[in-house]
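>>> please work out how this folds:
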Amino acid sequence: MYGNRSKNDFISIQFTTEQDPKKTKQTLSMCRKWRQLSSFQRNFILLLTLLIILTVIIWTDGLKRALSSSDERGEGGGGEPQDPVDTLNQQDQFFHGANNGQEPDDTLVESRERVIPQDLNDGNIPAQRTADDSGNKYGPENERQEAVVSAFQHAWGAYKLHAWGHDQLKPVSKKYSEWFKLGLTLVDSLDTMYIMGLTDEFAEARDWVANNLNLNQDVDVNLFETTIRVLGGLLSAYHLSHDQVFLDKATDLGNRLLPCFQSKSHVPFSDVNLKSGHARAPKWGPDSSVSEVTTIQLEFRELSRLTGDNRYKDAVEAVSNHIHGQLTSDGLVPIFINANTGILRTGSTITIGARGDSYYEYLLKQWLQSRKSESVLVDDYKRAMTGIQTQLVSETRHGGLTFIGELLKGKSFSPKMDHLVCYLPGTLALGYYNGLSPEHMQLAEKLLYTCYEMYRRMATGLSAEIVMFNMNAHSSEDFYVKKSDTHNLLRPETVESLFYLYRITGDEMYQQWGWQIFQAFEKYTKVPGGGYSSIRNVENVNQPGFMDKMESFFLAETLKYLYLLFADDSDDLSLDEWVFNTEGHPLPIFPAE
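Sure, this is the predicted structure:
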């Protein structure tokens, strides 16, 4: 024990040529003071000294790793340095239910050997305002747009560095996940880069599409997701850039998706193998989602117009006609339909949220795409909006917030509203802009205010995935969020509607709301070193919890709509000339005949 040591245990060694009596005296004095300490005091000092030494060693080693991590990360191997953010996310699991279609295979994959020509661009090279051959101007006009472009570059740079050519970035672990192996994030982002004036990034992505986008793969893809993200992305890139490579790839993809329509009914199967052409129902059951089979029409119709091949148009219009023949008087549809029988499952939920949402959106947008020539589409849309107003719209007793609920089993009202529903204010406003009822605009304004409040009232300033509205007159809150629904997936629907209402009304309040939401994304979802991540808990500002996933729609829609919302020139992608698909890809309204 330290307390039994004698003074002979303490030796002072002097490395000097001459004896210094004063220093010798000081050394002996220190020894006497040490012996005067109690056993506990001496043990405590020794233990504290040991802890300080260990801390210095660990800190020094960590500093060396941090300084060299940019050179070592992503080269495979188990010795990959870890970003400080990673330590908070080592037990992360992929959240299922983020999309209407099948879920990605989220197997962790190490970042492959880098073959990209540049390092991470974190907004250091600003985009420039440019004009294309048609006189259309692209690039930021003001500081807010520049901030959004910088955010895009922060996300794109991380994707390029850690997930280039793969479907989705895992920004925290700096890896990637595959879904369809089609470079989803890259293709989904093409038109966003073009619109933002990021010409170098667009050119590099274009070369990847031309040389590396392999459509002849033995992989099953979801018809809906592949259509809106990949086919829509390619068609939009073609119209903006006039580059034939995008149309050639879109045509090849369209041909590979056509086998989905070889069902016993006119309703397509949900999935198809790109190489074999074998189509099937989803693995979880025999039904397809109504929103999936009715949200492919804009893209296939445009492909027929461009190629002169009516097979694409005929296939999707047969689906629309089939659904039209089963509509009830209120125009509302259940969320499931059987691809073999072609019959709507009438006992399933009626919702404007997941699996039902974009059916209503595409009724209006197909009518607009046809230059308002197909009246059956707008008639079905108006009937459905009346059904929504009479059966699904309600208000909270406390603050009078307008919201849209659901009909469980097609009958029982539930005050549940997905964030996905927040696309509807924009669609309603777009209909009003094109001559439909002023009541649609009134509902749009009320509903968008509710969607904004879903952000403002959360601690992080970001909306939860699902909220439950209070119908109790004695409740002190308009809505609450269940623990299972507190996540935010970087969704675009609210900022999409802000874009439409600002374009139509010119009210700068909508720009201000959008700026607040953008700042919240910056504060709570931005990952140090590159990328943005979905978060687990919008109610916890201290630990929102990165989910380690950046959805492709964050670049394709969320940042695009924010960028367009802040535009000074309202003629950019005019609503009189373009219609946006449900993934935010602008397609031209058909020319007048």
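
>>> rest of the way, CA atoms for contacts and neighbours
OK.

>>> wait, what's in contact with residue 348?
334, 335, 336, 408, 409, 410 (C-alpha atoms under 8 Å, 6 or more residues apart in numbering).

>>> just the ones of the residues you listed in strands?
Assigned to strands by DSSP state E, the following of those qualify: 336, 408.

>>> which residues are in contact with residue 421?
352, 353, 357, 404, 493.

>>> secondary structure class for it?
Reduced to three states with DSSP: H, G, I helix; E, B strand; the rest coil, the structure at residue 421 is helix.

>>> so how far is residue 239 from it?
Between residue 421 and residue 239 the distance is 29 Å, computed by C-alpha to C-alpha, to the nearest Å.

>>> for residue 455, same thing?
Applying C-alpha to C-alpha to residue 455 and residue 239 gives a distance of 35 Å.

>>> which one's more surrounded, those two?
With neighbours defined as other C-alpha atoms under 10 Å, residue 455 and residue 239 compare such that residue 455 has more, 20 against 16.

>>> okay, the more buried one: pLDDT?
As predicted, residue 455 sits at a pLDDT of 98.

>>> in PyMOL, how would I select the buried members of the contacts of residue 421?
The buried residues among the contacts of residue 421 can be selected in PyMOL (16 or more other C-alpha atoms under 10 Å) with this line:
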select buried, resi 352+353+357+404+493
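
>>> thinking again about what came up before, and which of the contacts of residue 348 is nearest to residue 259?
Distance to residue 259, by C-alpha to C-alpha, is smallest for residue 336 among the contacts of residue 348, at 20.5 Å.

>>> ok, how many other residues are close to residue 195?
Neighbours of residue 195 under the rule other C-alpha under 10 Å: 24.

>>> which non-adjacent residue is nearest it?
For residue 195, ignoring the flanking residues on the chain, the nearest one in space by C-alpha to C-alpha, 6 or more residues apart in numbering is residue 138 at 5.1 Å.

>>> that older thread, of all the contacts of residue 421, which two lie farthest apart?
Spatially, the most separated pair among those is 404 and 493, at 14.6 Å (C-alpha to C-alpha).

>>> quick one: the strands in the stretch 201-350 of the chain, in order.
Along the stretch 201-350 of the chain, counting by DSSP state E, counting those that start in this stretch, strands occupy 220-222, 271-273, 279-280, 287-289, 336-338.

>>> wait, which of those is closest to residue 369?
Of all the strands of the stretch 201-350 of the chain, it is strand 287-289 that lies closest to residue 369, at 23.3 Å by C-alpha to C-alpha.

>>> give me the contacts around that closest one.
Against strand 287-289 from outside (C-alpha under 8 Å, 6+ apart): 100, 269, 270, 281, 282, 335, 336, 337, 338, 339, 355, 356.

>>> repeat the analysis, applying 7 Å as the threshold.
Residues external to strand 287-289 that are found in contact with it (C-alpha atoms under 7 Å, 6 or more residues apart in numbering): 269, 270, 281, 335, 336, 337, 338, 339, 355.

>>> could you tell me how far that strand lies from the centre of the chain?
Strand 287-289 sits 23 Å away from the centroid of its parent chain (C-alpha atoms, centre = their mean, to the nearest Å).

>>> who does it pair up with?
In the sheet, strand 287-289 lines up against strand 336-338 (antiparallel) (DSSP bridges).

>>> who are the packing partners of the very next helix or strand once past the strand it pairs with?
Sequence-wise, the next helix or strand downstream of strand 336-338 (DSSP states H and E) is helix 357-369. Helix 357-369 sits against helix 290-293, helix 375-391, with contacts defined as 3 or more C-alpha pairs under 7 Å, 6 or more residues apart in numbering; DSSP states H and E.

>>> and among those, the most buried is which?
Most buried of the helices and strands packed on helix 357-369 by mean neighbour count (mean count of other C-alpha atoms under 10 Å) is helix 290-293; its value is a mean of 26.

>>> report all helices and strands that that helix contacts.
Helix 290-293 is packed against helix 357-369, with contacts defined by 3+ C-alpha pairs under 7 Å, 6+ apart.

>>> which residues are in contact with residue 458?
Counted by C-alpha under 7 Å, 6+ apart, residue 458 has contacts 538, 539.

>>> same question for residue 345.
Taking C-alpha under 7 Å, 6+ apart, we find residue 345 in contact with 334, 336, 337.

>>> in CSV, list the contacts of residue 348 along with distance to residue 189 and pLDDT.
Below are the contacts of residue 348 laid out as CSV (distance: C-alpha to C-alpha, whole Å; pLDDT from 0 to 100):
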residue, distance to residue 189, pLDDT
334, 32, 97
335, 29, 96
336, 30, 96
408, 36, 97
409, 38, 93
410, 37, 94
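
>>> and of the contacts of residue 348, the nearest to residue 583?
In terms of C-alpha to C-alpha, no member of those lies closer to residue 583 than residue 335, at 19.5 Å.

>>> measure the closest one to residue 290 for me?
Residue 335 sits 5 Å away from residue 290, going by C-alpha to C-alpha.

>>> would you mind checking the contacts of strand 287-289 for buried ones?
Among the contacts of strand 287-289, the ones that count as buried by 16+ other C-alpha under 10 Å are 269, 270, 281, 335, 336, 337, 338, 339, 355.

>>> can you tell me which of these is nearest residue 150?
Here the nearest of these to residue 150, counting by C-alpha to C-alpha, is residue 355; it sits at 33.2 Å.

>>> so that closest one touches residue 295, yeah?
No: at 10.4 Å, residue 355 does not count as touching residue 295 under the criterion of C-alpha atoms under 7 Å.

>>> what is the neighbour count of residue 442?
For residue 442, the count of nearby residues is 14 (other C-alpha under 10 Å).

>>> CA-only coordinates of the host helix or strand of it in PDB, if you can.
If you go by DSSP H and E, residue 442 is part of helix 438-456. Provided in PDB are the C-alpha atoms of helix 438-456 (Å, rounded to 0.1, in the frame of the first residue of the first chain):
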ATOM      1  CA  PRO A 438     -63.400  30.000 -54.900                       C
ATOM      2  CA  GLU A 439     -64.400  27.600 -52.100                       C
ATOM      3  CA  HIS A 440     -61.400  25.500 -53.100                       C
ATOM      4  CA  MET A 441     -59.100  28.400 -52.500                       C
ATOM      5  CA  GLN A 442     -60.700  29.200 -49.100                       C
ATOM      6  CA  LEU A 443     -60.200  25.600 -48.000                       C
ATOM      7  CA  ALA A 444     -56.600  25.700 -49.300                       C
ATOM      8  CA  GLU A 445     -55.700  28.800 -47.200                       C
ATOM      9  CA  LYS A 446     -57.200  27.300 -44.000                       C
ATOM     10  CA  LEU A 447     -55.600  23.900 -44.500                       C
ATOM     11  CA  LEU A 448     -52.200  25.400 -45.300                       C
ATOM     12  CA  TYR A 449     -52.300  27.400 -42.100                       C
ATOM     13  CA  THR A 450     -52.900  24.100 -40.200                       C
ATOM     14  CA  CYS A 451     -50.000  22.500 -42.000                       C
ATOM     15  CA  TYR A 452     -47.800  25.500 -41.000                       C
ATOM     16  CA  GLU A 453     -48.900  25.100 -37.400                       C
ATOM     17  CA  MET A 454     -47.900  21.500 -37.600                       C
ATOM     18  CA  TYR A 455     -44.400  22.800 -38.000                       C
ATOM     19  CA  ARG A 456     -44.500  25.900 -35.800                       C
END
